[in-house]
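Asks: Give me a model of this one.
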Amino acid sequence: MQRSRAPPGKRGWRAVSEDSVTTTAAPATHGAWTPEGETPPPQQRVDEDAVISVIKTVFDPEIPVDIYELGLIYAIEIADDGKVKVEMTLTTPSCPSAQELPSQVEESVRLVPGVTDVEVEVVWDPPWDQSRMSEDARLALNMY
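Replies: Numbering: from 1, shown residues only. Reported below is the predicted structural model:
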């Protein structure tokens, strides 16, 4: 299982440009023949960079910065069977986008090749603050 977590105030994730989202299909794989019968093809490994890239397409409608750069994504777990769990928060518990942002994250992550299931959990601990924003987000919002 892959697990990524950025410590508070740090951006421990690799930078990925939005144009690096891979939408091409993986090469066809076939199972192997054995005397007991054909074995299923190997499971396609979910690419963490692709998951991050699609999350970066989700924007808070009130802020012109994607939720990844805002620091709203706390963790991404990718299981060997293709299940992805995303822990995220919102800027405030009374955020007007509280229903739509997690749904948008789930819908986006489902588009990544190899993903078999997605769970998005909204967490409130630790609470979000501006120190979680990336340098790019700070510059975009004039908060440097």
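Asks: so where's this structure uncertain?
Replies: 1-33, 39-43 (pLDDT under 70).
Asks: can you tell me which helix in it is longest?
Replies: The longest helix of the chain (DSSP state H) is helix 100-110.
Asks: got the CA positions of that one in CSV?
Replies: Taking Å, rounded to 0.1, in the frame of the first residue of the first chain, the C-alpha atoms of helix 100-110 are listed here in CSV:
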residue,chain,number,x,y,z
GLU,A,100,-19.7,19.2,-3.5
LEU,A,101,-15.9,19.2,-3.1
PRO,A,102,-15.6,15.7,-1.6
SER,A,103,-17.9,14.4,-4.4
GLN,A,104,-15.8,16.1,-7.1
VAL,A,105,-12.6,14.6,-5.6
GLU,A,106,-14.2,11.1,-5.7
GLU,A,107,-15.5,11.5,-9.3
SER,A,108,-12.0,12.8,-10.4
VAL,A,109,-10.0,10.0,-8.8
ARG,A,110,-12.4,7.3,-10.3
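Asks: Buried residues of that helix, list them for me.
Replies: For helix 100-110, a neighbour-count test (16 or more other CB atoms under 10 Å) marks 101-102, 104-106, 108-109 as buried. Every C-beta, even on glycine, is put in place using the N, C-alpha and C of the backbone.
Asks: And the contacts of stretch 84-97?
Replies: For stretch 84-97, contacts defined as CB atoms under 8 Å, 6 or more residues apart in numbering pick out 46, 51, 55, 60-63, 67, 70, 72-79, 98, 101-102, 105-106, 109, 112, 115, 117-124, 127-128.
Asks: before we move on, back to that, tell me what the longest helix of the chain is packed against?
Replies: Using 3 or more CB pairs under 8 Å, 6 or more residues apart in numbering; DSSP states H and E as the contact test, the elements touching helix 100-110 are helix 48-55, strand 83-88, strand 117-122.
Asks: For Asp66, which residues count as its bridge partners?
Replies: Beta bridges link Asp66 to Phe59, judged by DSSP bridges.
Asks: Also Lys83?
Replies: Bridge pairing for Lys83 - DSSP bridges - gives Asp117.
Asks: isn't it right up against Arg110?
Replies: No: using CB atoms under 8 Å, Lys83 is not in contact with Arg110, being 11.3 Å away.
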